[in-house]
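K.L.:
Okay, structure incoming, though there's no sequence with it:
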């Protein structure tokens, strides 16, 4: 979608309650921002996104910079009645392919520099990319990369805390460059640990084989290591597949699923069937 496709007519003020770095100093900076939206009528569902409006004037001459972020928590009101939302933000820079110059990511630097008490402007909420099937025997295959874990954090909590009684398989494959960068799923903080004793839930980690060479997480390898179950799920009419992450995740998944399917043609045919049936959903950014 383009900026003009989003409704920005009703901005909301939000107050930063906390900003916590959730990756070690030696890794890329990822922060968790907890915001209190100063409007009790701001309603959202697990998995939706909000727009962040960064005031300017910016380098390209625009007064306001707009960027979408997935909400990483389920709806949780404060005693005041105001809703709380959590954003998972990675501080990013961009390298110009031609000049080699480095540019700061406008929204990511803006949010990572905010501290408790600061106020920001948001819009939305927008979309519901990952809808929970009505059938609690449905299988859910979630595949995330980097900060793509954020919507699944809220999604899994919603399934087990709010809905309960989920009987279908719930499988989460999550990739990051190193174990230290496994946001919400590392040695210091594992938000999914509460669900490891559930019979239906399993999570799998994928790391880069050579992180110092800047090689990507071996998400394709993790999937092929569990190819029997993954392919059975993808082949089942009772399975919904949810994908979240950078553009590069598509190439990784195609590589893995082509191996499982036996050929590129068979995989593309199967994926097209999943997409047509509304059972393959991507959140790519």
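P.N.:
Cool, the structure landed. Source: prediction; values computed, not measured. Residues are numbered from 1 along each chain as shown.

K.L.:
Quickly note the distance from the nearest residue to residue 152 once chain neighbours are set aside to residue 18.
P.N.:
Leaving aside its sequence neighbours, residue 152 sits nearest to residue 142 (Cβ to Cβ, 6 or more residues apart in numbering; 4.8 Å). Where C-beta positions appear, they are placed from N, C-alpha and C, glycine not excepted. Going from residue 142 to residue 18 by Cβ to Cβ, to the nearest Å gives 26 Å.

K.L.:
Could you name the helices and strands sitting against the longest strand along the chain?
P.N.:
Of all the elements of type strand in the chain, the one with the most residues (DSSP state E) is strand 12-21. Under the contact criterion of 3 or more Cβ pairs under 8 Å, 6 or more residues apart in numbering; DSSP states H and E, strand 12-21 touches strand 30-37, strand 119-126.

K.L.:
residues in contact with that strand?
P.N.:
29-39, 42, 84-85, 112, 114-123 (Cβ atoms under 8 Å, 6 or more residues apart in numbering).

K.L.:
What's the end-to-end length of stretch 88-103?
P.N.:
21 Å (Cα to Cα, to the nearest Å).

K.L.:
Can you get me a residue count around residue 245?
P.N.:
If you count neighbours by other Cβ atoms under 10 Å, residue 245 ends up with 24.

K.L.:
Can you give the strand pairings for the longest strand of the chain, parallel or anti for each?
P.N.:
Here strand 12-21 has these sheet partners by DSSP bridges: strand 30-37 (antiparallel), strand 119-126 (antiparallel).

K.L.:
For the ones you listed, please prepare JSON lines with the additional fields mean pLDDT, mean neighbour count and distance to residue 252.
P.N.:
Formatted as JSON lines, the entries for these read as follows, by pLDDT from 0 to 100; neighbours: other Cβ atoms under 10 Å; distance: least, Cβ to Cβ, whole Å:
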{"stretch": "strand 30-37", "mean pLDDT": "94", "mean neighbour count": "22", "distance to residue 252": "20"}
{"stretch": "strand 119-126", "mean pLDDT": "94", "mean neighbour count": "18", "distance to residue 252": "26"}
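
K.L.:
Break down the protein into its helices, ranges please.
P.N.:
106-112, 149-157, 219-225, 227-235, 248-261, 264-276 (DSSP state H).

K.L.:
will you turn those into a markdown table that also has distance to residue 172 and mean neighbour count?
P.N.:
Putting the helices of the chain into a markdown table (distance: least, Cβ to Cβ, whole Å; neighbours: other Cβ atoms under 10 Å) gives the following:
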| stretch | distance to residue 172 | mean neighbour count |
| --- | --- | --- |
| helix 106-112 | 24 | 20 |
| helix 149-157 | 6 | 25 |
| helix 219-225 | 11 | 20 |
| helix 227-235 | 12 | 16 |
| helix 248-261 | 14 | 18 |
| helix 264-276 | 18 | 14 |
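
K.L.:
could the ones you listed go into JSON lines alongside distance to residue 8 and mean pLDDT?
P.N.:
Listed next are these as JSON lines, based on distance: least, Cβ to Cβ, whole Å; pLDDT from 0 to 100:
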{"stretch": "helix 106-112", "distance to residue 8": "14", "mean pLDDT": "95"}
{"stretch": "helix 149-157", "distance to residue 8": "22", "mean pLDDT": "84"}
{"stretch": "helix 219-225", "distance to residue 8": "34", "mean pLDDT": "86"}
{"stretch": "helix 227-235", "distance to residue 8": "38", "mean pLDDT": "95"}
{"stretch": "helix 248-261", "distance to residue 8": "28", "mean pLDDT": "90"}
{"stretch": "helix 264-276", "distance to residue 8": "29", "mean pLDDT": "95"}
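
K.L.:
In a markdown table, list these along with distance to residue 242.
P.N.:
As requested, the helices of the chain are arranged in a markdown table below (distance: least, Cβ to Cβ, whole Å):
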| stretch | distance to residue 242 |
| --- | --- |
| helix 106-112 | 23 |
| helix 149-157 | 7 |
| helix 219-225 | 14 |
| helix 227-235 | 12 |
| helix 248-261 | 12 |
| helix 264-276 | 11 |
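
K.L.:
And the spatially closest residue to residue 73 that is not a sequence neighbour, how far from residue 142?
P.N.:
Among residues not flanking residue 73 along the chain, residue 86 sits closest, at 4.0 Å (Cβ to Cβ, 6+ apart). Noted for residue 86: a distance of 18 Å to residue 142, by Cβ to Cβ.

K.L.:
now do residue 128
P.N.:
Residue 128 is 15 Å from residue 142, by Cβ to Cβ.

K.L.:
what does residue 268 give?
P.N.:
Plainly put, residue 268 is 22 Å away from residue 142 if you go by Cβ to Cβ.
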